[in-house]
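> quick one: sequence plus predicted model below, questions after.
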Amino acid sequence: MPVQETFYEVMRRHGITRRSFLKFCSLTAAGLGLGPEFAGKLAHALENKPRTPVIWLHGLECTCCTESFIRSGNPLAGDVVLSMISLDYDDTLMAAAGHQAEELLEQTIEKYDGQYILACEGNPPLNEDGMYCIQGGRPYVEKLRHMADHCKAIIAWGSCASWGCVQAARPNPTRATPIHKVILDKPIVKVPGCPPIAEVMTGVITYMIAFDDLPELDRQGRPKMFYSQRLHDKCYRRPHFDAGQFVERFDDEGARRGYCLYKVGCKGPTTYNACSTIEWNGGLSWPVKSGHGCLGCAEDNFWDKGSFYSAVTDFGVLGDVEADADRVGAILAGAAAIGVAAHAAVSVASHLSGSKQGSKENG
Amino acid sequence: MASVAQMEAHFRRIGDTSMRDLPICNPRLQVEAVGFQSFGPHQLGVMITPWFMNLVLLPGTDAWDGAEQGARCDIDLPAGEYEFTVAHDAALGTSLSASLFSTVTDFPDQATARDTATEVLRLVREPQKTTAPAKRKLTRRALLRGETAHA
């Protein structure tokens, strides 16, 4: 079975050179915010571990997560990541169909009980006993529960799986429900965003299969390495915000000058994601760079928070000292000073509200 | 180069005009420059305003005058390398800032904000411990110049 091969063997079989493989390891380590010494650990893990089977389920969703994932700008991601995970079941990408495809699920459970990763894109609707999403003749929620029973860990891809997203918008007629409210007994990594950034997705999955562990998560279950900063913290338009220079209307003089988009609805000040640092399409651009405010698509309930074009007025939800502690650590951190910054985070947090544990980031 | 007092006055003016009454401002806070001290030819400290708290470096040289607005640059502080964003302002000239809190709506009062700023400054001015992860990569250029890698 291919799953007995190591990642490295599979990659070599796919014609990927050792040089490319090592380059991938160092880029991924850097992308994960890990030091250069982790590139070697990553390479070692990938060379020696058998491939981890991944089952990729789709509930109510639009497949933008898959679209993002397979278009990762990280060199080789298409080849490397898809080669190194044994994607035994993904109805967008697999060749199998019908009964043959559904049998793969049972075969995976038989062979790899408790060992596979369940990647969930989209969420299950619970109303009418789940009939709003039927797959292979049964409600998706049953399939999800069945596969979750036997998995090692779950990745909740995107805002659908993490929070509910637009199909859960009021009044949520199908009762679309995020994964963590349906599966209560498995570790879940939330990777929100609509879709999540490709490099974030490949980074998270690479970390999980290489180190056989979950990345460090924040209180909401998101990997700290990618979700500990608000877009506003590292936005290239930030100097204009600080100086009180705003776009008042699209296409006004401020818009032409690249001023801050807060007044025309940018949700950057309340959104935790890596868009302003990693950017999109291989670092080409991101929404704010294209002149439009952030919609806050990685945040819970962004779909029901009113107009995308109204300025954020409610900052009450941000009274989250842990988040602040994480954030200060990450923001303070330069390329190499994460440990020190984490120390600052803890100290700052303790000033704010007694003694809260802050980020002990990935030094 | 703008002085710290000029910068305070600059942000007070902004607070009284374009930022006035915006919901992103914390009315319990005031504009205050905290702990500015010389850092080489530059001035380094924390700027508190009702709409942000930043670590700010006021350059004493023209090193960043040509940098693009919003460009990022790494600055070596005693505690390590920190990423700053370059800002050019007609009144203030060039300054560099690293966001500590980009909304400051959580601060209950000025004293807490000031204590936090002071604590951050103490930490970034503290020399790096020997176990720190910062390892400078030996570049090809450095190697050809006969330099060695150092922490």
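Received the coordinates, thanks.

> let me know whether A:Leu214 touches A:Val189 as I believe.
Yes: in this structure A:Leu214 lies within contact range of A:Val189 using CB atoms under 8 Å: 5.7 Å. Quick note: C-beta positions are derived from backbone N, CA and C, even for glycine.

> mutual contacts of the two, please.
Both A:Leu214 and A:Val189 are contacted by A:Ala153, A:Met208, under the criterion CB atoms under 8 Å, 6 or more residues apart in numbering or on different chains.

> tell me how many other residues crowd residue 122.
No chain specified, so I'll use chain A. 25 (other CB atoms under 10 Å in any protein chain shown).

> nope, chain B please
As a burial measure, B:Arg122 scores 13 neighbours (other CB under 10 Å).

> hang on, it in a helix?
Yes: remark: B:Arg122 belongs to a helix, assigned using DSSP: H, G, I helix; E, B strand; the rest coil.

> do you have the strands of chain B handy? List them.
B:32-39, B:42-49, B:52-58, B:72-77, B:80-89, B:93-101 (DSSP state E).

> identify each buried residue in stretch A:115-130, please.
Neighbour counts over stretch A:115-130 (16 or more other CB atoms under 10 Å in any protein chain shown) mark A:Tyr116, A:Ile117, A:Leu118, A:Ala119, A:Cys120, A:Glu121, A:Gly122, A:Asn123, A:Pro124, A:Pro125, A:Leu126, A:Gly130 as buried.

> oh, I was asking about stretch A:213-225
A:Leu214, A:Pro215, A:Leu217, A:Asp218, A:Gln220, A:Gly221, A:Arg222, A:Pro223, A:Lys224, A:Met225.

> that one near chain B anywhere?
No: applying CB under 8 Å from any CB of the partner chain, one finds stretch A:213-225 separated from chain B by no less than 14.2 Å.

> start and end of that stretch, how far apart?
Using CA to CA, to the nearest Å, one end of stretch A:213-225 lies 14 Å from the other.

> now chain B against chain A: closest residue?
Closest to chain A within chain B is B:Gly80: 2.5 Å, counting by CB to the nearest CB.

> what about that residue, how many residues nearby?
26.

> for B:Pro127, same thing?
Counted by other CB under 10 Å, the residues lying close to B:Pro127 total 11.

> so what's it closest to, chain neighbours aside?
B:Pro78 (4.7 Å; CB to CB, 6 or more residues apart in numbering or on different chains).

> the residue of chain B closest to chain A pairs with what?
B:Leu77 (DSSP bridges).

> isn't it right up against B:Gln128?
Yes: here B:Gly80 reaches B:Gln128: they are 5.4 Å apart, a contact under CB under 8 Å.

> list the buried residues for stretch A:246-264?
So for stretch A:246-264, counting by 16+ other CB under 10 Å, buried means A:Phe246, A:Val247, A:Gly254, A:Ala255, A:Gly258, A:Tyr259, A:Cys260, A:Leu261, A:Tyr262, A:Lys263, A:Val264.

> can you pull the contacts of the last one?
The one in question is A:Val264. Taking CB under 8 Å, 6+ apart, one finds A:Phe246, A:Val247, A:Glu248, A:Arg249, A:Phe250, A:Gly293, A:Tyr309, A:Ala311 in contact with A:Val264.

> helices - which of the residues you listed land there?
Residues of the contacts of A:Val264 located in helices (DSSP state H): none.

> tell me the one among these nearest to A:Ala96.
Nearest to A:Ala96 among the contacts of A:Val264, counting by CB to CB, is A:Gly293 at 42.4 Å.

> from A:Lys267, how far out is the closest one?
From A:Gly293 across to A:Lys267, the span is 7 Å (CB to CB, to the nearest Å).

> what do these two both touch?
Joint contacts of A:Gly293 and A:Lys267 (CB under 8 Å, 6+ apart) are A:Phe308.

> quickly list what the residue positioned nearest the centre of chain A is bridged to.
For chain A, A:Val191 is the residue whose C-alpha lies nearest the centre (CA atoms, centre = their mean; 2.6 Å). Beta bridges link A:Val191 to A:Trp157 when assigned by DSSP bridges.

> any chance of the buried residues of stretch A:246-264 in CSV, with pLDDT and secondary structure too?
Shown next, in CSV, are these (pLDDT from 0 to 100; DSSP: H, G, I helix; E, B strand; the rest coil):
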residue, pLDDT, secondary structure
A:Phe246, 97, strand
A:Val247, 98, coil
A:Gly254, 97, helix
A:Ala255, 97, helix
A:Gly258, 96, coil
A:Tyr259, 97, coil
A:Cys260, 98, strand
A:Leu261, 98, coil
A:Tyr262, 97, helix
A:Lys263, 97, helix
A:Val264, 97, helix
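
> quick check, nearest of these to B:Ala91?
For the buried residues of stretch A:246-264, the nearest to B:Ala91 is A:Tyr259 (15.6 Å; CB to CB).

> show me the contacts for that closest one.
Contacts of A:Tyr259 by CB under 8 Å, 6+ apart are A:Arg237, A:His240, A:Gln245, A:Phe246, A:Val247.

> and the second one, how far is that from chain B?
Taking CB to the nearest CB, to the nearest Å as the criterion, A:His240 is separated from chain B by 8 Å.

> which parts of the stretch 1-150 of chain A are helices?
A:7-13, A:18-31, A:37-48, A:64-69, A:77-84, A:98-112, A:127-130, A:140-149 (DSSP state H, counting those that start in this stretch).

> just put those helices in TSV and tack on mean pLDDT.
Converted to TSV, the helices of the stretch 1-150 of chain A look like this (pLDDT from 0 to 100):
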stretch	mean pLDDT
helix A:7-13	75
helix A:18-31	79
helix A:37-48	83
helix A:64-69	90
helix A:77-84	63
helix A:98-112	91
helix A:127-130	96
helix A:140-149	97
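
> before we move on, back to that, among the buried residues of stretch A:115-130, which are in strands?
A:Ile117, A:Leu118, A:Ala119, A:Cys120, A:Glu121.

> ok, the third one - contacts?
Read it as A:Ala119. Shown in contact with A:Ala119 (CB under 8 Å, 6+ apart): A:Val54, A:Ile55, A:Trp56, A:Leu57, A:Asp90, A:Ile154, A:Ile155, A:Trp157, A:Ile205.

> show me what the first one is bridged to.
For A:Val54, the beta-bridge partners under DSSP bridges are A:Leu87, A:Ile117.

> from what I see, it and A:Tyr116 are in contact.
Yes: the criterion here is CB under 8 Å, and A:Val54 meets it with A:Tyr116 at 6.5 Å.

> identify the contacts common to these two.
Jointly contacting A:Val54 and A:Tyr116 under the rule CB under 8 Å, 6+ apart are A:Asp88.

> what is the nearest of the buried residues of stretch A:213-225 to chain B?
A:Met225 (14.2 Å).

> which ones are touching the closest residue to B:Leu22 other than its chain neighbours?
Leaving aside its chain neighbours, B:Leu22 sits nearest to B:Trp51 (7.2 Å; criterion: CB to CB, 6+ apart). Counting by CB under 8 Å, 6+ apart, B:Trp51 touches A:Phe241, A:Asp242, A:Gly244, B:Gly15, B:Met19, B:Leu22, B:Ile24, B:Cys25, B:Asn26, B:Thr103, B:Val104.
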